[in-house]
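In: Okay, sequence plus prediction incoming.
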Amino acid sequence: MTALPNTRDALGESWTTTSRRARRIARHSRHAAEDIATELRSLMSELEDTLADGTQADASALRAQLSKRLEVARSRLNDTRDAVRQRAEVALADADDYVHENPWQTVAIVGGIALIVGALFARAR
């Protein structure tokens, strides 16, 4: 009967590792969203400044200035998108590595989650 405590310990360890990885993925996603929001706020601020200055400038100068600022903003958003993509790739690679290193623990965790969700759905009906 020593298999049950060993299994329980292995599942507990797997659950802890999985939750750590899930928190890391969530943190990366949160940082990515914050980066994009910061870039968009910066773009809006720059556009407002340009439009406020535009009352004194002629239309072609204002158009050129807006075009230049939009190009800079596009470049920064592309950089942010690339950073988000890299973070997502790292998170997915970590998850993939975990699943390949611990297939039975992953099956047990997914099975346990499916059992809990199934019980909650059955109870709701």
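Out: Received it, and whenever you're ready, just let me know what you need.
In: Can you give me the buried ones in the helix or strand containing G111?
Out: When elements are assigned from DSSP states H and E, G111 belongs to helix 103-124. Residues Q105, T106, A108, I109 are the ones in helix 103-124 that count as buried (16 or more other Cβ atoms under 10 Å). From N, CA and C alone the C-beta is placed, and that goes for glycine too.
In: what's the angle between the helix or strand of the chain with the lowest mean pLDDT and helix 103-124?
Out: Within the chain, confidence by mean pLDDT, DSSP states H and E is lowest for helix 3-53 among all helices and strands, at a mean of 70. Here helix 3-53 points in a direction 80 degrees away from that of helix 103-124 (axes from the mean of the first three to the mean of the last three Cα atoms, to 10 degrees).
In: For helix 3-53, name the packing helices and strands.
Out: helix 59-101, helix 103-124 (3 or more Cβ pairs under 8 Å, 6 or more residues apart in numbering; DSSP states H and E).
In: Redo those as TSV? Include mean pLDDT and distance to H31.
Out: Below are the helices and strands packed on helix 3-53 laid out as TSV (pLDDT from 0 to 100; distance: least, Cβ to Cβ, whole Å):
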stretch	mean pLDDT	distance to H31
helix 59-101	79	7
helix 103-124	86	26
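In: what would those look like in TSV with distance to A52?
Out: Formatted as TSV, those follow (distance: least, Cβ to Cβ, whole Å):
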stretch	distance to A52
helix 59-101	11
helix 103-124	53
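In: The nearest residue to L66 once chain neighbours are set aside: what's it in contact with?
Out: Distances taken as Cβ to Cβ, 6 or more residues apart in numbering place T50 nearest to L66, at 5.6 Å, with adjacent residues excluded. The contact partners of T50, by Cβ atoms under 8 Å, 6 or more residues apart in numbering, come to L62, Q65, L66, R69.
In: of those residues, closest to A26?
Out: When the contacts of T50 are ranked by distance to A26 (Cβ to Cβ), R69 comes first, at 33.2 Å.
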